[in-house]
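Q: build me a model from this:
(one chain, ligands or ions: 1)
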Amino acid sequence: MKKNVFNPWEIKGNIDYEKLIKEFGISPLKTLPEVFEKELLFKRKIIFAHRDIQRILDAIKNKKKFVMMTGLMPTGKFHLGHMILAKQMIFYQNLGAKIYIAVADIEAYNARGQSLEDSKKIALNEYIHNYLALGLDPKKCEIYFQSNRSNKAEISNAYYRLQNLLAKHATFNEFKAVYGDITPGKMISALLQASDMLHPQLPELENSCPVLVPVGIDQDPHLRLARDISKRIKTNKFTQLSSTYHYFIPGLKGDKMSASDSNSFIALTDDKKTVKNKINKYAFSGGQPTLEEHREKGGNPDIDVSYQYLRVLEQNDKKLKQLYDDYKSGELSTGELKKYTIETINNFLTTHQKNREKTKQLLKEYQ
Ligand code: TRP
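A: Residues are numbered from 1 along each chain as shown. Purely as a prediction, here's the structure:
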């Protein structure tokens, strides 16, 4: 039997979301606040849980300042799974949030052994370029590298100072309880991530204010640590962090997308032929082995990878529901569902890749 591993640096095997919600003590997003109804990720429950979201909703309602802060570990190609976070950045930017984005190059060095140069290249050409092409406004957000916070000494000092001061307020047992196996490098990365999440509230930046951290659920240990230790630091007053959690969309074969296996994901730079081939050849199907059986028993869209991708890309709710129902009843075949998925992905990628061309020159800012 394969051993399940689940921590911020490694995921192996199936993820039991229900169990994690309970174990971590996070809250399911039951009723959808009105401002979130417009965003498909909320509507379709791809973002499914939170901590202290009310504070953010109040800030939005009362037109008060709030920050959205998140980060990325720059490894491999930017794929459909990464789009979930990018879309949230853009959504909150449009709602008027101040956006802070950390490129976790120190973390990639400490946890993965990836050089800072490689992280920079990948962050620019894969992540940041795609964020911009998806519509993130670079003028209204602050993207920084953990290894090079800012050219302004005041801000840089504040960020690294906070990381160091936070160390005093965490105990070794706490690290072990939150992370299990831990190395000095990972410990440093966890404290730096705590500073990522908390430093926007320092007087050098925004002062105490609501901060929302949208992440995959594997990142919750970092949030728990940051929330706990931020309460103990007496020299600064922090508004408690808020967070939301999204599902991981499956890789083509039905399990996790893996940066080292390009047949496990659709990259946002894939061409039409590649997409067609990947979906037809690899996308795990929830259909029956034969068409006859499929017509008779129907398919299972909940485990069908093509359908899972449509949940993120198909804009029309009615169409999505129709596909779900028709696949379940057997009226829609796996071949037909795959064909529709290929068309939908390729339509999206054609526009996206044009937008990549248009936004290329903006990257100079980050060199
Ligand atoms: N650890 C995150 C990841 O692996 C990246 C990250 C760094 C981050 N700093 C952050 C995420 C702050 C959220 C907030 O993807």
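Q: list the buried ones in the helix or strand harbouring residue 307?
A: Secondary structure assignment for residue 307, by DSSP states H and E: helix 305-313. The neighbour-count check on helix 305-313 (16 or more other Cβ atoms under 10 Å) flags 305, 306, 307, 308, 309, 310, 311, 312, 313 as buried. (Each C-beta comes from the backbone N, C-alpha and C, glycine too.)
Q: contacting residues around the residue of the stretch 51-200 of the chain found nearest the ligand?
A: The ligand sits closest to residue 71 of the stretch 51-200 of the chain, with a gap of 2.5 Å, by Cβ to the nearest ligand atom. With contact set as Cβ atoms under 8 Å, 6 or more residues apart in numbering, residue 71 has these partners: 101, 102, 103, 104, 146, 193, 196.
Q: so who does the closest residue to residue 281 other than its chain neighbours touch?
A: Distance criterion Cβ to Cβ, 6 or more residues apart in numbering; nearest residue to residue 281, sequence neighbours excluded, is residue 263 at 7.8 Å. Under the criterion of Cβ under 8 Å, 6+ apart, the neighbours of residue 263 are 252, 253, 278, 281, 282.
Q: just to be sure, the fourth one is in a helix?
A: Looking back up the chat, that one is residue 281. Yes - counting by DSSP: H, G, I helix; E, B strand; the rest coil, residue 281 is found in a helix.
Q: helices of the stretch 251-367 of the chain, start to end?
A: 272-282, 291-297, 305-313, 317-329, 334-359 (DSSP state H, counting those that start in this stretch).
Q: can you tell me which of the ones you listed is packed in deepest?
A: Among these, helix 305-313 has the highest mean neighbour count (mean count of other Cβ atoms under 10 Å), at a mean of 21.
Q: show me which residues of the stretch 201-350 of the chain are close to the ligand?
A: Residues of the stretch 201-350 of the chain lying near the ligand by Cβ under 6 Å from any ligand atom: 213, 215, 219.
Q: apply 8 Å and report the result again.
A: By Cβ under 8 Å from any ligand atom, the residues of the stretch 201-350 of the chain that approach the ligand are 213, 214, 215, 216, 218, 219, 222.
Q: give me every residue that touches the closest residue to residue 303 other than its chain neighbours.
A: Spatial nearest neighbour of residue 303, chain neighbours left out: residue 286 (4.5 Å); criterion: Cβ to Cβ, 6+ apart. The contact partners of residue 286, taken as Cβ under 8 Å, 6+ apart, are 299, 300, 301, 302, 303, 304, 307, 327, 334.
Q: what about 7 Å?
A: 299, 300, 301, 302, 303, 304, 307 (Cβ atoms under 7 Å, 6 or more residues apart in numbering).
Q: repeat for residue 223
A: Residue 223 touches 51, 213, 241, 243, counting by Cβ under 7 Å, 6+ apart.
Q: could you say which helix or strand holds it?
A: Element membership for residue 223, per DSSP H and E: helix 220-232.
Q: centre of the chain to that helix, how far?
A: Distance, stretch centre to chain centre, for helix 220-232: 19 Å (Cα atoms, centre = their mean, to the nearest Å).
Q: which strands or helices does the helix or strand following that helix pack on?
A: Per DSSP H and E, the first helix or strand lying C-terminal to helix 220-232 is strand 242-246. Packed against strand 242-246 by the contact rule (3 or more Cβ pairs under 7 Å, 6 or more residues apart in numbering; DSSP states H and E) you find strand 47-51, helix 53-61, strand 211-216.
Q: quick one, the second one and strand 211-216 angle?
A: When you say that, I think you mean helix 53-61. Per axes from the mean of the first three to the mean of the last three Cα atoms, to 10 degrees, the angle that helix 53-61 makes with strand 211-216 is 120 degrees.
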